[in-house]
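Q: Quick one: sequence and predicted model below, then my questions.
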Amino acid sequence: MHDINVVDLSRLQFALTALYHFLFVPLTLGMSFLLAAMETVYFVTGKDIYKRITQFWSRLFLINFALGVATGLTMEFEFGTNWSFYSGFVGDIFGAPLAIEGLMAFFLESTFVGLMAFGWGRLRRGQHLAVTWLVALGSNLSALWILVANSFMQAPTGAHFNPATMRMELTSFTDLIFSHDAQAKFVHTSIAGYVTAAVFVAGVSAWYLLKRRHVDIARRSFRMAVLFGVLATAGVITLGDALGFIGGQAQPMKLAAMEGLWKTESAPMPFNLVAFPSQEDQANHGAVRVPYALSLLVTHSLTGSVPGIDRLEQDAATRIRDGIPAVTALQTLSAQPGNADALAQFHAHEKDLGYGFLLQRYAPDVGKATDAQVAAAARDAIPQVAPVFWSFRAMVALGLAMLAYFVLAVIYTMRNNVEHKRWFLKIAVWMIPAPFLACETGWLVAELGRQPWTVYDVLPTWMSASTHSVGYMIFSLVGFVTLYTAFIVVEMYLMVRAIRQGPGESHGDAPLNDRSQAARLAGYAEG
């Protein structure tokens, strides 16, 4: 039996390292494609200013990329150190996309990052452009394979449990890659990265415009970023709706938690705009509801409805009881692999094996489980509703705020008067944290909403952790938090220093508060 404190500490450690790492990932994904777009403009126009724009933003990309790699590598080792049972149970499936990510996408990305950084003046313009596009391709391929692995945890496909080996085995690599959850999540996450990069570039450019430094570079960077961003934000909201629809079908309990839907209601269902969910009471307090809106948002009709937590908890109790014969048969097969009756019993109930495992936390001998133990396990099937509910609303609110911001930014920049909207430029600077917060809250919705499962409906989280001591987990947790905090400090220091240094001076982007430079430029203009 696993020590539940060790399980909770393992979850906390992985959550913190993932949240730290995910501060770097979206900016890498988005900046890589934005750089490719900037350099494409340079290749087409031949104007030197676009080369300088690309080189400057490349410096910031490289800082973020290097620290993102450093924070990401340790996470893969955590699967073996802190989640050894999980690694053994689904290693055949989970290991395949991770190996491909390392061998194909990561090495592709890393190799061409070096050429992109040091190839200026050594490669022809077309060759360097191709390298930059390959960096963008490698970055997004890395995200693809990671998200394929994660999507198996959310909606397992292409695999089955083999009672002879006592582990999950891959049956269809195609189904694994092309699952609806994997494809929707990849596109949604990638475009969220594009939004992150657009807000970041626009915010830094706005800071330069406020300071009246590097004006030509800042003006062009701002325009490219907001045009890129308004399309990406509209896309991420649209695809987020599609991902919610797909996720709601695969994980109805997560959807119910996101909406604070404790009780099943008839259509058309109201939407909880604001509420304070109580896990103990299984009810919302202080709810502000919008009539009909939930049916429209989730089912895209006024006649559609979704099950509430009350019905899903009852369904979980039924599946737990159906999973008991699967677990007892598996115990028999572990001692008598050739027992035909046990094998037949297992196959008759194997779809509910995970729910039988869920019961083992309360009844190690599931054959003797009481109704109270079944009820306790069924209640465990409900994730913590309040953090999922509020994380979802924070993510949506931030997304809508960024859409409104980008629409205004596009209007102002197309009118060529954004430099005179100092109030808006200040907003642009303060908007920089918004996409990072949206990405973090989105991750919380996805991962907290999946609980109590490591692999949804298949492997409970309480079974997945390694058998470490509490002392070891506390020591390693403190170590990781200290290390990753240092990475964040280094990232911020290097980024701020590079931004303050800027892309360098030229006549086209001289500081406007330098009177001699301004006068000289005026003389050029008159001439």
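A: Ah, there it is.
Q: if I look at the residue lying closest to Leu108 once chain neighbours are set aside, how far off is Leu73?
A: Setting aside the residues directly before and after it, Leu108 is nearest to Gly138 in space (Cβ to Cβ, 6 or more residues apart in numbering), at 3.9 Å. Heads up, the C-betas are built off the backbone N, CA and C, glycines and all. When distance is defined by Cβ to Cβ, to the nearest Å, Gly138 is 16 Å away from Leu73.
Q: Those two - which one has more neighbours?
A: Gly138 (21 against 12; other Cβ atoms under 10 Å).
Q: can I assume the more buried one is in contact with Gly102?
A: No - in this structure Gly138 lies outside contact range of Gly102 using Cβ atoms under 8 Å: 11.8 Å.
Q: any idea which helix or strand carries the residue nearest the centre of the chain?
A: Centroid-nearest residue in the chain: Trp443, 4.6 Å away (criterion: Cα atoms, centre = their mean). Element membership for Trp443 (DSSP states H and E) is helix 433-448.
Q: who are the neighbours of the helix or strand just after that helix, in terms of helices and strands?
A: Remark: after helix 433-448, the chain's next helix or strand is strand 453-455, criterion DSSP H and E. Judged by 3 or more Cβ pairs under 8 Å, 6 or more residues apart in numbering; DSSP states H and E, strand 453-455 is in contact with helix 84-100, helix 125-154, strand 459-460, helix 461-464.
Q: How about the contacts made by the closest residue in space to Met473 that isn't next to it in sequence?
A: Leaving aside its chain neighbours, Met473 sits nearest to Leu9 (3.8 Å; criterion: Cβ to Cβ, 6+ apart). Contacts for Leu9 were tallied using Cβ atoms under 8 Å, 6 or more residues apart in numbering; they are 470, 473-474, 477.
Q: Produce a PyMOL select command limited to the buried residues of these.
A: Only the buried entries of the contacts of Leu9 go into this PyMOL selection, using 16 or more other Cβ atoms under 10 Å:
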select buried, resi 473+477
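Q: among the contacts of Leu9, which are in helices?
A: In helices, defined here by DSSP state H, the members of these are 470, 473-474, 477.
Q: For the residue lying closest to Ile4 once chain neighbours are set aside, report the pLDDT, please.
A: Nearest residue to Ile4, sequence neighbours excluded (Cβ to Cβ, 6+ apart): Trp462, at 6.5 Å. If you check Trp462, the pLDDT there is 92.
Q: now, the most widely separated pair of the ones in helices among the contacts of Leu9?
A: Greatest spatial distance among the ones in helices among the contacts of Leu9 (Cβ to Cβ): Val470 and Leu477, at 10.3 Å.
Q: about what we covered before: so which of the helices and strands packed on strand 453-455 is the most packed in?
A: Neighbour counts (mean count of other Cβ atoms under 10 Å) averaged over each of the helices and strands packed on strand 453-455 peak at strand 459-460, with a mean of 24.
Q: Within its sheet, name the partner strands of that strand and how each one runs.
A: Applying DSSP bridges, strand 459-460 is found paired with strand 453-455 (antiparallel).
Q: contacts for the strand it pairs with?
A: Residues outside strand 453-455 that contact it (Cβ under 8 Å, 6+ apart): 83, 86, 89-90, 152-153, 156, 168, 354, 459-461, 463-464.
Q: Stretch 113-125: which residues count as buried?
A: Residues of stretch 113-125 classed as buried by neighbour count (16+ other Cβ under 10 Å): 113, 115-117.
Q: ok, now stretch 312-332?
A: Quick answer for stretch 312-332 (16+ other Cβ under 10 Å): 312-313, 315-317, 319-330, 332.
Q: ok, now stretch 39-47?
A: Within stretch 39-47, the residues scored as buried using 16+ other Cβ under 10 Å are 39, 41-43.
Q: What of stretch 150-170?
A: By neighbour count on 16+ other Cβ under 10 Å, the buried set for stretch 150-170 is 150-159, 161, 163, 168, 170.
Q: Assess the claim that Tyr194 and Gly30 are in contact.
A: Yes - at 4.3 Å, Tyr194 counts as touching Gly30 under the criterion of Cβ under 8 Å.
Q: Overlap of the contact sets of these two?
A: In terms of Cβ under 8 Å, 6+ apart, Tyr194 and Gly30 are both contacted by the residues Ala232.
Q: out of these two, which sits in the busier spot?
A: More neighbours surround Gly30 than the other of Tyr194 and Gly30, with 31 against 25 (other Cβ under 10 Å).
Q: could you list every residue that touches that one?
A: Counting by Cβ under 8 Å, 6+ apart, Gly30 makes contact with 193-198, 200, 232.
Q: Quick check: the farthest pair among the residues you listed?
A: Pairwise distances among the contacts of Gly30 were taken by Cβ to Cβ; the largest, 12.2 Å, belongs to Phe200 and Ala232.
Q: out of the buried residues of stretch 312-332, which are inside helices?
A: Counting by DSSP H, the part of the buried residues of stretch 312-332 found in helices is 312-313, 315-317, 319-330, 332.
Q: Point out where this structure drops to low pLDDT.
A: 1-3, 105-106, 247, 504-527 (pLDDT under 70).
Q: counting residues per helix, which one in it is longest?
A: helix 215-250.
Q: what packs against the helix or strand following that helix?
A: Next in sequence after helix 215-250, counting helices and strands by DSSP H and E, comes helix 252-258. With contacts defined as 3+ Cβ pairs under 8 Å, 6+ apart, helix 252-258 has these neighbours: helix 215-250, helix 309-335, helix 385-414.
Q: Do me a favour and get the end-to-end distance for stretch 346-358?
A: Terminal residues of stretch 346-358 lie 16 Å apart, using Cα to Cα, to the nearest Å.
Q: Give the buried residues for that stretch.
A: Neighbour counts using 16+ other Cβ under 10 Å place 346, 349-350, 352-358 of stretch 346-358 among the buried residues.
Q: same check, this time on stretch 430-438
A: Neighbour counts over stretch 430-438 (16+ other Cβ under 10 Å) mark 431-432, 434-436, 438 as buried.
Q: Closest one to Asp380 out of those, please.
A: Nearest to Asp380 among those: Ala438, at 29.5 Å, using Cβ to Cβ.
Q: what separates that closest one from Pro26, distance-wise?
A: Here the criterion is Cβ to Cβ. By it, Ala438 lies 9 Å from Pro26.
Q: any common contacting residues for the two?
A: Contact with both Ala438 and Pro26 is made by residues 192, 195, according to Cβ under 8 Å, 6+ apart.
Q: coming back round to it: out of the contacts of Leu9, flag the one nearest to Tyr292.
A: For the contacts of Leu9, the nearest to Tyr292 is Leu477 (45.6 Å; Cβ to Cβ).
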